[in-house]
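Visitor: Everything below, folded, please.
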Amino acid sequence: MTPINTDRMSASDNLLAARRFFDECWNEGRLDVVDELLAPEHVHHFADGDVVGREDVKGLIRDLRDDFPDFHISVDDDFAVEDKVALRWTIRGTHAPTGNPVEYTGIDIIRFVDGRIVELWNQGDYVGLNRQLETQ
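Guide: Take a look at the predicted model:
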């Protein structure tokens, strides 16, 4: 595991860190990596409200992985420019309470400062997700 450099990182370094956030934190459930990659003042922006701070992001990851034990996020497309990374993704998993398989897509834009993620803006197809949970 490569430690995060506190000097200004390149766009490609930021892209690698964003992919680590998806792979290690979300897919593998490694909550210790959240402390390494996210700034203490991190804000996750969702359409229905913000998740603020590392501990709340860890709770979000735990909750999602509890609800979807086989959760997996695949990055379908990505690019990085200066301090921002954009990732287009697909999430697949089985909703534990209902047994319904789901697949939905979204896009995250992630902003870095000094090698750490300070903000993430999320746009996901949550209407489509809810339809899958209700109809199957």
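Visitor: from here on, contacts and neighbour counts on C-alpha atoms
Guide: Noted.
Visitor: Specify the local secondary structure of the residue nearest to the spatial centre of the chain.
Guide: By CA atoms, centre = their mean, the chain has its centre lying nearest to Phe22, at 5.2 Å. Secondary structure of Phe22, reduced to three states by DSSP: H, G, I helix; E, B strand; the rest coil: helix.
Visitor: Kindly state the beta-bridge partners for Val113.
Guide: Taking DSSP bridges as the rule, Val113 bridges to Arg116.
Visitor: what's the burial count for it?
Guide: By the criterion of other CA atoms under 10 Å, Val113 has 17 neighbours.
Visitor: Check Pro40 too.
Guide: Other residues near Pro40 come to 16 when the count uses other CA under 10 Å.
Visitor: unless I'm mixing things up, Val75 is touching Ala86, no?
Guide: No: using CA atoms under 8 Å, Val75 is not in contact with Ala86, being 10.2 Å away.
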